[in-house]
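Undergrad: dropping the sequence and predicted coords here.
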Amino acid sequence: MKNAIPLLLVLCLIIFAGSFACTSDTKPEDPVVPEEIDKPEDIPEQPSYTFLLIDKKVFTNRRKGGVKFTHDQHKDVYKISCKECHHKYENDENIWKDTDSVQGCEACHHPVEKQGNVDKLQMAYHKNCKDCHKKLAEEGKNAPFKKCNGCHEQKT
């Protein structure tokens, strides 16, 4: 018992000193920002753009996470015409106009089954993005086609 009091005091002193060692005056690290999408060399630095997360819950067998799409960057910086993605076909011609309303892709593209000559939703997304990026890369433009995880978020 005689040795217990000094031992208890030493233990309290160690805990008290340790609490100061665990604190820091440094601020936490900056949040991790998603990988910047490559942009053509001749385009000046632009303000950061927000991402539009394409992450449809209708996909029942989802092996990959959603896709962070920079809609405004594609429109403003890359000068991609709205009709490149938004469409309404009549007689195999895209008659969609910038003044037309925008519907979600799943309004026409069923998530599970192909309907007539209309692709399933996932195929429509993949064709639209991948075909455009491949075409631009073939033209020597900086629009790299990336493997799945270049676009899709990692699932946790």
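TA: Yep, it's here.
Undergrad: what backbone torsions are found at Asn94?
TA: phi -80, psi 110 (degrees, to the nearest 10).
Undergrad: ok, it touching Cys82?
TA: No - using C-beta atoms under 8 Å, Asn94 is not in contact with Cys82, being 10.4 Å away. All C-beta spots, glycine's among them, are computed from the backbone N, C-alpha and C.
Undergrad: neighbours of Tyr125, how many?
TA: Residues lying near Tyr125 (other C-beta atoms under 10 Å) number 20.
Undergrad: check the gap between it and Lys135 for me.
TA: 16 Å (C-beta to C-beta, to the nearest Å).
Undergrad: equivalent analysis for Ser81, please.
TA: Distance from Ser81 to Lys135, by C-beta to C-beta: 14 Å.
Undergrad: where do the strands of this structure begin and end?
TA: Remark: strands assigned in the chain by DSSP state E are 52-54, 67-69, 89-90, 93-94.
Undergrad: which of the ones you listed has the lowest average pLDDT?
TA: Across the strands of the chain, strand 52-54 has the smallest mean pLDDT, namely a mean of 83.
Undergrad: appreciated, that's everything.
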